[in-house]
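Engineer: sequence and predicted structure below; questions after.
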Amino acid sequence: MDQLIEQFFNVEIMVASWPMILQGLGMTLLICLAVIPMGLAGGLLAALGSAAKSRLIRWPVIALVDFFRAIPPLVLLIFVYAGLPFAGMQLSPFTAVVIAFFLNNSAYYGEIFRAGIQSVGYGQSEAARSTGLSAPQTLAYVVLPQAVRNVLPDLLSNTIEVIKLTSLASVVSLGEMLHAADMARSITYNASPIVLAALVYLVLLWPLVRGVSRFGRSLNTG
Amino acid sequence: MTQWERFLDTFFNVGVLTRYAPDILAGVWVTVQLSLLIVVVGIGLGTLLAMLRAYRIRLLSLSIVVFADVFRAIPPLVLILLAFFGLPNAGLFLSSFVVLFLVLTLTLAAFAEEIIWAGITSVDRGQWEAARSTGISFTGTLVWVVMPQALRVAIPPMTNRAIAITKMTALGTVIGVPDILNQATTAQSFSGNASPLMLAAIAYVLLFLPLVILARWLESRFSWRKA
């Protein structure tokens, strides 16, 4: 038991590694700040494309979305980071992470937005258009607000996944929180810094995870 | 060499591809084995936990909720590194395969528990009352009346979640599980060519694309969210 505490909950080591982990947390938040808005924007475009009337637009977009949902994000990240340099495209770890996660997140957010748009009855668009609103206005003021409301729990739940996904950036040596914790682990030869990082993730994400559970249920019964 | 030839030589080099295809195929087998194990045990465990929660025994339910929340909030890669590098120093030696299996199975179980529990609570109270009033026991009602309806609601989100988590088997690469990605990155550094990575990407698409399309079909078939 003492050995377990010594190895996983060594307070001294946790305190010593805290500055490193805090710095890593800053990078984690920075990645989130770049990747979440980009994913939402890309997802919205993907959703509009996959709900388009023209097959020439719809089918390629659906194919792309399914392609990026089928490839594990880490494979995509390593391909972008370690594969593209062979073609003469040398990217910084941060750029590689942003590109890979943009493609992955857009596909996932896209599916959610598509489900939301489809959940709004077609009569809504027809009614809006007949009052003289243009197609973009109908989308912005009538369809999207209802669509987003209908899929809010899914959007929140996917955003949690995106935040958790940023930990993959450690694989390409981007100094986010897990990378910082793992560095501290290899210096101290003790797992407590990773436990500390896990606790930070828990504190950050637990309220969101609870929210998803609550939210989902109230929609189910409502 | 033209641009196009250079592109082909970098990403679809026939020599490199034929040389390393057997390694990647071995990786496919590891990925498939792991995925099947994770899906069967993870969904089984999650279903069991959700059913236990239906008995509403305070302390038990609370433990299940805490378990599910923790494994949904902490990124799997954090847990993988924690278990793989931390446990040996505490005297517990697990192979990288076992670590990956345990972490992803528990993660899937946590999500499965929440999904099935949402299904159970979506079943109308009247169903419980009607079944109990015919003399069926609580457990009988749960198993024969409530669960079939709960599982039906749970199928689309469960499929999506199972795909997302089995794709995470690629994380095993970080601790040396010889899966598709690991074989590909090794082959890439030996050959100094990006073709093995391309082959790995193709392998993943071939494995998971049918499942993604299946999930899309299930979603449209079982969707209850109609405006």
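Structural biologist: On my side now, so go ahead.
Engineer: count the neighbours of residue 2 for me.
Structural biologist: Answering for chain A, as no chain was given. By the criterion of other CB atoms under 10 Å in any protein chain shown, A:Asp2 has 6 neighbours. Quick note: C-beta positions are derived from backbone N, CA and C, even for glycine.
Engineer: sorry, should have said chain B
Structural biologist: The tally of other residues near B:Thr2 (other CB under 10 Å) stands at 7.
Engineer: go on, A:Trp59?
Structural biologist: Counted with other CB under 10 Å, the neighbours of A:Trp59 add up to 13.
Engineer: B:Met1 now?
Structural biologist: When neighbours are counted by other CB under 10 Å, B:Met1 registers 8.
Engineer: would you check that it makes contact with B:Asp9?
Structural biologist: Yes: applying CB atoms under 8 Å as the test, B:Met1 and B:Asp9 come out as touching, 7.1 Å apart.
Engineer: so who does whichever residue of chain B sits closest to chain A touch?
Structural biologist: Chain A sits closest to B:Gly86 of chain B, with a gap of 3.0 Å, by CB to the nearest CB. Residues in contact with B:Gly86 (CB atoms under 8 Å, 6 or more residues apart in numbering or on different chains) are A:Gln7, A:Phe8, A:Ala191, A:Ile194, A:Val195.
Engineer: give me that answer again for 6 Å
Structural biologist: Shown in contact with B:Gly86 (CB atoms under 6 Å, 6 or more residues apart in numbering or on different chains): A:Phe8, A:Ala191.
Engineer: mind checking the SS state of the residue sitting nearest the centre point of chain A?
Structural biologist: With distances taken as CA atoms, centre = their mean, A:Val162 lies nearest the centre of chain A, 2.0 Å away. Under DSSP: H, G, I helix; E, B strand; the rest coil, the three-state class of A:Val162 is helix.
Engineer: dump the residue contacts of it.
Structural biologist: Counted by CB under 6 Å, 6+ apart, A:Val162 has contacts A:Ile36, A:Asn105.
Engineer: kindly export the lowest-mean-pLDDT helix or strand in chain B (C-alpha atoms) in PDB.
Structural biologist: Sorting the helices and strands of chain B by mean pLDDT, DSSP states H and E puts helix B:3-11 at the bottom, at a mean of 86. Output of helix B:3-11 as PDB, limited to C-alpha atoms (Å, rounded to 0.1, in the frame of the first residue of the first chain):
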ATOM      1  CA  GLN B   3       5.900  15.500 -59.600                       C
ATOM      2  CA  TRP B   4       3.400  12.700 -60.000                       C
ATOM      3  CA  GLU B   5       6.100  10.000 -60.100                       C
ATOM      4  CA  ARG B   6       7.600  11.400 -57.000                       C
ATOM      5  CA  PHE B   7       4.300  11.400 -55.300                       C
ATOM      6  CA  LEU B   8       3.700   7.700 -56.200                       C
ATOM      7  CA  ASP B   9       7.200   6.800 -55.200                       C
ATOM      8  CA  THR B  10       6.700   8.400 -51.800                       C
ATOM      9  CA  PHE B  11       3.200   7.200 -50.900                       C
END
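Engineer: give me phi/psi at A:Gly175?
Structural biologist: Main-chain torsions, A:Gly175, degrees, to the nearest 10: phi -80, psi 60.
Engineer: measure the residue nearest to the centre of chain A to B:Pro22 for me?
Structural biologist: Applying CB to CB, to the nearest Å, the value for A:Val162 to B:Pro22 is 36 Å.
Engineer: ok, B:Leu151 next?
Structural biologist: Per CB to CB, B:Leu151 is found 40 Å from B:Pro22.
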